[in-house]
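Student: Please find the sequence and the predicted model below.
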Amino acid sequence: MGISRLDVFYRRLLLTKLFIGGWGKPEDLKRIFEFRKIIGDREKCKTLVPVDYPVYINKTEELTDCHIHDGFFVSPLEHLVPGILPQEAVKARFQFIVPKRWQRNRPVCIQLAGTGDHFFWRRRTLMARPMIKEAGMASLLLENPYYGYRKPKDQLRSCLKNVSDLFVMGGALILESTVLLHWLEREGYWPLGMTGISMGGYMASLAVTNWPKPIPLIPCLSWSTASSVFTTGVLSRAVNWAELEKQYAINSVYETEVIKLLEYCGADSFKMGTEMQRNVDSLENLLGLAGALPIKDGRFVKVEAQSEVSSSLVNSSGINTGTITTHSVGHGKKMNSQKCCRPSLHTESISFMKGVMDECTHMANFSVPVDTGLIIVVQAREDAYIPRTGVLSLQEIWPGCEIRYLNGGHISAYLFKQNFFRQAIYDAFNRFCLKYPSSQ
């Protein structure tokens, strides 16, 4: 299966860089790691967001076919992890688009924003208004942290400044989606579901893992983990690797914290056993993902008694940069320094990126949705943004979900296949109504 030339060409046209500020504060990363252990477990999250969490409507506009309500509330993440959100993102804003006439029940689909989808115009025009006309379905458009009114003043367009911003965005959207689902239930809307395109589909998937009831989910052009998107997909070319490498190696204080985090990742026993086995010879198994332990002078080795571990180092361009061999010589004996050299900073940075992103974003590290039969995943066959090789598919993580494939790549599907996305939404909602007719 090839990759879309349009995806590659489009990415080359965009010259702005991601993560120009680097990894983010080490102390923030550690707080995010700790909170991920809570938010990744649905049972632990039952009481994080009260069912009567306050939501406010501050403006209503009437159009020919619908009412548009603008609303807001304080993000629960600000209460649970104080100060982790930029000040501009603390207030969560949304737009609720309600048909004047319902066709059947009072269905509402929460739509989360994809990359670059600031404010509400794009989702309202391409998805919400057509959904009113075609199915009489309401849409609630939540604005992502770091986007639109919630964008920090020092952030350039859609380019997240720090790697940690992506994790904060995900944690905030999980909790904020829960607030809105509770609010919609209180207001008597039914059935409720979630969707999103690209990054929005991934964030919607995260949110559903936390919801304690069956719910339709339609992630379009989504992924199972962000690590492959930012390290091997065409988007990896937009990452400011120079700044990440500099922070990783030059700043001794930061590097010490990074090493602690790498140990933390390695010791945390990820849930991707099948995926790890597929990549048993790759660098991430030598480093953080498989329990690598740092030794003096910043060198990393995986210690196995009476064994030898080898791994080819491949940089992001696919060029072999050499082989590391380490010898375990038993407790109390020194490592043969000539047999072990530190990998390149670029390779180490990629490995650390994979480690922290898999820890914080891999869907296998979150609870499985209550009913995976209500999930319809829409994917593009030639998607160059979201690599499928070497990563667990959503079908493997969520047995029972349906996968629908579109011809073409990420950009062409986003531009020309919105009707396929909407049809998948209608099908998932109809499936829910047939399966749970008495849940209203």
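Tutor: On my side now, so go ahead.
Student: Number of residues surrounding residue 35?
Tutor: Neighbour count of residue 35, defined by other CB atoms under 10 Å: 18. Backbone N, C-alpha and C define where each C-beta goes, glycine included.
Student: ok, so what distance separates it from residue 401?
Tutor: 26 Å (CB to CB, to the nearest Å).
Student: can you list contacts of stretch 418-429?
Tutor: 107, 109, 126-127, 130-131, 134-135, 137, 191, 193, 195, 197, 216-218, 220, 374-376, 378, 404, 406, 413 (CB atoms under 8 Å, 6 or more residues apart in numbering).
Student: Produce a ChimeraX select command limited to the buried residues of these.
Tutor: A single ChimeraX command is used to select the members of those judged buried by 16 or more other CB atoms under 10 Å:
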select :107,109,126,127,130,131,135,137,191,193,195,197,216,217,218,220,374,375,376,378,406,413
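Student: Report the mean per-residue pLDDT for the helix ranked longest in the chain.
Tutor: Longest helix of the chain, by residue count under DSSP state H: helix 163-186. The pLDDT scores in helix 163-186 average 96.
Student: Helix or strand: which one has residue 384?
Tutor: Counting by DSSP states H and E, no helix or strand carries residue 384.
Student: from here on, count from 602
Tutor: Done: numbering now begins at 602, and the last item shifts to residue 985.
Student: any idea how far it lies from residue 759?
Tutor: 18 Å.
Student: Likewise for residue 791?
Tutor: For residue 791, the distance to residue 759 - CB to CB - is 34 Å.
Student: Settle it for me: which of the two has more neighbours?
Tutor: In this view residue 791 and residue 759 are compared by other CB under 10 Å, and residue 759 has more residues nearby, 19 against 16.
Student: Phi and psi next, for that one.
Tutor: In terms of degrees, to the nearest 10, the main-chain angles of residue 759 are phi -90, psi 0.
Student: Could you look up the SS state of the closest residue to it other than its chain neighbours?
Tutor: Nearest non-adjacent residue to residue 759, counting by CB to CB, 6 or more residues apart in numbering: residue 717, 4.4 Å away. Assigned with DSSP: H, G, I helix; E, B strand; the rest coil, residue 717 falls in the coil class.
Student: Can you tell me what sits against the helix or strand that comes right after the longest helix of the chain?
Tutor: For helix 764-787, the following helix or strand on the C-terminal side (DSSP H and E) is strand 793-798. For strand 793-798, the external contacting residues (CB under 8 Å, 6+ apart) are 708-715, 778, 782, 785-786, 802-805, 808-809, 816-823, 1015, 1022, 1026, 1029-1030, 1033.
Student: what's the answer for stretch 659-676, then?
Tutor: 654-658, 686, 690-701, 725, 730, 733-734, 746, 773, 776-777, 780.
Student: Swap in 7 Å and give it another go.
Tutor: 654-658, 686, 691-701, 733-734, 773, 776-777, 780 (CB atoms under 7 Å, 6 or more residues apart in numbering).
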